[in-house]
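Colleague: just coords:
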């Protein structure tokens, strides 16, 4: 992959998902409002879904007030004044080329944060606590080493930035770090395959390579990587490693930790290269860097295993009378060791959401009706049509293997009431699997909000956890007299557990929305922990999950983590505030430490009116009046449009 | 599993493998000497194999001189005087029951070392540098915590001891630690399943549980563990974790790191429990304790994944015209994602060894001859019969899966010249898979020696490494005018590499044999590293591989490891001398450190006449005259017997 003429970040939205211009739209065709998909095709069922599921289905059928983003120039003008460390910049200038160190507003704006609801809600309003002071574009491992050397010498904070698609606050500057310069390290110039070993099915890549660019370099050799997260088109190898990512085909090709064989890391105190071997001997250090989110340094290169491009990829759908019935089928598959490439089970709520995303007036389920099957399922099989759940089943491999696997899964599915729904359902998922963030952006622009949260649970607790999280989310809305929709899908089957992935949406009101979000996130996380779920399956810890890290990891593990952190990053310049709570100070009591850790966490401050100021006033003399204290809604073009069907 | 009346170690040989009385024998039946298997059946081909392959096939057909072990009483009498820390023993006595702290000679003798050639060669001659001063038998995690507390308070060395089957020096006291008391912690009373979660297919075990006892506790629930190393009958869960073990069915059920979900560790500075989750979030600390060989503390409990007992287990053999041809077949299986439970490929030398272990006068290959197939392979297929290699193929799972898998593997095998040899070859391996150490013991008793070494290589280097290691071993023998036999099998197929496992044997001469062993081990390891193999696939680092740890891990990784070690074990009481070379001292130069690390490693001192004394004379005033300086051979009943056929 040769270097591109234009740096990737320039073509990417700073206030939404994907490239400039790619978005869903709302248009008026005669009297009827219509949501249109990225390619312009209408989504005839979407507004009804929004009305019924997110807005409670009461009152007039209105589109919520529009909530567009502020324009770029305004956003740049609203950025905080950069905090520049001149000595650092001088040293860096000697080590890197001029075009690798950027101080301009647009570059800073493009590297403020990731792409979750809270991130975008704020940047779209200019409510940003702290933009990075500088963006650096390393072009090689050597550049990263130089950068880390300068940063360590001058006490400058370094945050690796891959595709910027992180959804747990992992790439955002810590505004509580009020005295040190912050550098966002955009890794996307580091996009080359350094070497390939076809016989061993291994290749070494620079970690700034985006998903499609990675596979494009492997494809001529007959290989693929096999990592296929929703963010695939816009996320990088380094991001996958940093957040301990997992793709939709992880059952067959592994989670990122199964795919990465060796890493090269530029830490503030030196370079670490883990051994390249077909199996770790002694103790394993890869596990310390996979999932470390830049807290120990920058993972600059990684050697990864390759997969032969499969002869056949077969994706199809199965309908089940309920989530629980499908779950039972999954259980039997697991007990029998049946593990297809992908088994994604959408619960009833998620299934209805997927129907709303259909571009056909007659949905895929509608087609079923035409054939009289709907009636059959209802009358002959006694299905409750509101509870229907969908499984997307994917098998990949040799033609013989796919055939055999489809047969063995099919037998188990049918035994548990599964009804084959053909390839269309599987293709539908394949076509739109990278597009959900555009739906979220669309929601953000029409006065709604949507976000996701996920966990990994043991099978013994999976159904209880599924119910408890949905209940917790709905409870928060009920307490605030709000309506909303929450759905869930499960995927990534392990021998002993699986991922639960929740999507939820509601209507926007004012800048206090984020308080509701915090409550919701907190209560959902408590429900997850009650059922022994983990803090995240593949989104990472970021700053969002830091409040629960002590509890989740336990004191023994936290001691080890703090010790490793202080060994590799003694000045805490590597992405502070993420992954770990504040480090203990010598002779600090347990209670004092806990109090300070709570105070210093970003979770309940980012975007919450007054929270950051309240913190800073008490901890330092830095009293900049944050723009987010202003009420923005009045300045935005709120409007309401009635639509009719 | 209730506590047994007698502690396991009492029924196990201190000077060989397995239980008292279980051994191969040599008897004279009329004029003909005959080696007999454990069950008394004759091995009619064994002596010829020894003569031809190990003794060079020249000179008279003699059995080498017999070299029996010294008797138990003598071995006890020759133990070093224990170094007792009274304050520690007083503290410990307050925490544990009387029968948990043993100071008697037989207990000490039974916990001196593991069971590799070097270990047994020495204990059978009473040439032991340092027996543990005390054996402790914890009965619970709490006991281990108390033990670590006392050890830390009184600076006493702690070595976890599972089944004692380690072959890399992992459980032996460091005689260079001349001033601190050494405790061997026999874990085998900790053999209970603490809990089982059948829905999640998980169970928590105390780590002192032996393989068969572990599976016996799972079997009533319809589960098995699926870890099946050669040492299965005599090794423990804790040992597998400590040495990063792997079993013969690892392709399907995983290496130990894939099987362990959470560990509880008693370290000198506190207890660590890693999160129990279906997937690690944040960074992974399990990888730090799996493979840590007690260097960070004692892994007391582990939660492991369970496997349903498979409907069908089908093992069969395939003959190939050469190792290379079979390797090509394996390559194609890998590229196609075909991964049966077990694929063990024995090279020509290893294959002939397996024939020598046959109890039939007509070997399995002999049977083939009878059918005229040998002639067919030779004349019609042009096979060189000296180069024939054997694959043991094992498939486990549902009947349908096994059938499908056998078919897909079979097609690839036949394409590459593989010839189906039926279930007998597979059964033969299954029957004898735990018995090879008895053959080694037999060798030790008849003036031969045998040992193993293994590595894991990337596929690109596998064949080169296979050739280079065998060549290196033969070269050392040639330089010393010795004959010997070396064979290899490969198993444990990863996507990008596999394990190579070498077995070698030669004749004993005198106490300088171990010098030859060191040369051989060194040259083989250099060959392995030249071809990017790792230091061990599943035997662990122990003290045997420490000399190469700096080179293998690299300075960055070693820094991290030393830092973790000093965090968890600041006094270096946890199994010192194993896993890691000596820790750097403050302001020590790189050269000084390297020199000291070489000097302080056990590798080239254990059993080498004069080496330990030379070290200690220069480093401390401890000048005990070591018994190994005496020449023992004169005291042993050497004899020579002529045999004829």
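Modeller: Structure's in. What do you need? None of these values were measured; they are calculated from a predicted model.
Colleague: For residue A:298, give the beta-bridge partners.
Modeller: Beta-bridge pairing for residue A:298 (DSSP bridges): residue A:266.
Colleague: Tell me which residue is most central in chain A.
Modeller: Centroid check for chain A by Cα atoms, centre = their mean gives residue A:167 as the closest residue, at 4.1 Å.
Colleague: looking at this, it is in a strand?
Modeller: No. Assessed with DSSP: H, G, I helix; E, B strand; the rest coil, residue A:167 is coil; it does not lie in a strand.
Colleague: how about the nearest residue to it, chain neighbours excluded?
Modeller: In this structure, residue A:167 finds its nearest non-sequential neighbour in residue A:116, 3.7 Å apart by Cβ to Cβ, 6 or more residues apart in numbering or on different chains. All C-beta atoms are positioned from the backbone trio N, CA, C, and that covers glycine.
Colleague: and that neighbour, how many neighbours does it have?
Modeller: 24 (other Cβ atoms under 10 Å in any protein chain shown).
Colleague: low-scoring pLDDT stretches of the stretch 351-500 of chain A, where are they?
Modeller: Low-confidence segments of the stretch 351-500 of chain A (pLDDT under 70): A:361-371.
Colleague: Going along the chain, name the strands of it.
Modeller: When assigned using DSSP state E, counting those that start in this stretch, the strands of the stretch 351-500 of chain A occupy the ranges A:389-397, A:419-422, A:448-458, A:484-491, A:497-507.
Colleague: Now mean neighbour count and distance to chain B too, for these, in TSV please.
Modeller: Output for these, formatted as TSV (neighbours: other Cβ atoms under 10 Å in any protein chain shown; distance: least, Cβ to the nearest Cβ, whole Å):
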stretch	mean neighbour count	distance to chain B
strand A:389-397	25	5
strand A:419-422	17	19
strand A:448-458	25	4
strand A:484-491	24	11
strand A:497-507	25	2
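Colleague: Mind checking those strands for the one nearest to residue B:6?
Modeller: Of all the strands of the stretch 351-500 of chain A, it is strand A:448-458 that lies closest to residue B:6, at 37.4 Å by Cβ to Cβ.
Colleague: Show me what the closest one is packed against.
Modeller: Here strand A:448-458 touches helix A:117-123, helix A:436-445, helix A:459-479, strand A:497-507, helix A:513-530, going by 3 or more Cβ pairs under 8 Å, 6 or more residues apart in numbering or on different chains; DSSP states H and E.
Colleague: So which of the ones you listed is the most surrounded?
Modeller: Mean neighbour counts were compared across the helices and strands packed on strand A:448-458 using mean count of other Cβ atoms under 10 Å in any protein chain shown; the top stretch is strand A:497-507, at a mean of 25.
Colleague: Name every strand pairing with that strand and say which way it goes.
Modeller: Strands that pair with strand A:497-507, judged by DSSP bridges, come out as strand A:448-458 (antiparallel), strand A:484-491 (antiparallel).
Colleague: And the strands of the stretch 351-500 of chain A: which comes nearest residue B:187?
Modeller: Nearest to residue B:187, of all the strands of the stretch 351-500 of chain A, is strand A:448-458, at 26.7 Å by Cβ to Cβ.
Colleague: Do me a favour and get the backbone dihedrals for the residue nearest to residue A:167.
Modeller: Phi and psi for residue A:116, reported as degrees, to the nearest 10, are phi -90, psi 180.
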